[in-house]
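Participant: after the sequence you'll find the predicted model.
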Amino acid sequence: MDRSQTETEGHGQTHPPELLLSATSADAPDYLAEQVRAWEEAGGLVESSIAATAAGSPLEQELASELDAVRQRLAYYERFDSLINDSIQRSADLFQALFAEREQQRLAGNSLASEISAAAEAEAERRIAAERRRMHESLMVLMTDVGRLQRQVDGLIQQIAEAVTDLSTRGGSSYDDPPPGP
């Protein structure tokens, strides 16, 4: 017999050792289901041949106990498979809930950021408008003051021009004459 094959309980059936030893293999429930069907088929043949012999023979008892053991292992693997599937489903549900919550928080964060940004822009616009009003008022005051000063300067220029004209018309001395000396 090949070392890669293992004989099952001396009945001449050979199976790869990984299927016999792998209790956690994903193929184990399928393998066990096949084994149960094979044992049930063999059991039907054995039952018909046993009916001809005495009931309760050691071979029949051995086959029945092996068939029962295989059925118990299959039931165990089916329960284990069901438990794993339930855990996977719960994990998937939790991940979906987590993703939905994160998306909600992201949208809420974006909304809050938009509200804060809009409020900051409105405040900046208000401050800019207030500064423009103050600047306009200051420039208007300066324009009024400069206009007043210009009128005063124009008045002074007029007075100086009148004084010069008055002096030159009085006929007095010329400014070009030297002053009397000592």
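Facilitator: Good, I have the coordinates.

Participant: any weak-confidence spans in this protein?
Facilitator: Applying pLDDT under 70 to the chain picks out residues 1-29, 31-32, 39, 42-56, 171-182.

Participant: what helices and strands are in contact with the longest helix anywhere in it?
Facilitator: Taking DSSP state H as the criterion, the chain has its longest helix at helix 58-169. Secondary-structure packing of helix 58-169 (3 or more CB pairs under 8 Å, 6 or more residues apart in numbering; DSSP states H and E): helix 28-52. Heads up, the C-betas are built off the backbone N, CA and C, glycines and all.

Participant: for Glu115, give its distance to Pro58.
Facilitator: 85 Å (CB to CB, to the nearest Å).

Participant: between the two, which one's more packed in?
Facilitator: Glu115 (10 against 7; other CB atoms under 10 Å).

Participant: what about the more buried one, distance to Gly109?
Facilitator: Counting by CB to CB, the gap from Glu115 to Gly109 is 11 Å.

Participant: kindly report the same for Arg90.
Facilitator: For Arg90, the distance to Gly109 - CB to CB - is 28 Å.

Participant: what does Ala120 give?
Facilitator: Ala120 is 16 Å from Gly109, by CB to CB.

Participant: ok, now Glu162?
Facilitator: From Glu162 over to Gly109 (counting by CB to CB), the distance is 78 Å.

Participant: and what of Leu149?
Facilitator: Distance, Leu149 to Gly109, by CB to CB: 59 Å.

Participant: then Ala64?
Facilitator: From Ala64 to Gly109 the distance is 67 Å (CB to CB).

Participant: who's more crowded, these two?
Facilitator: In terms of neighbours (other CB under 10 Å), Ala64 is the more surrounded of Ala64 and Gly109; the figures are 16 against 10.
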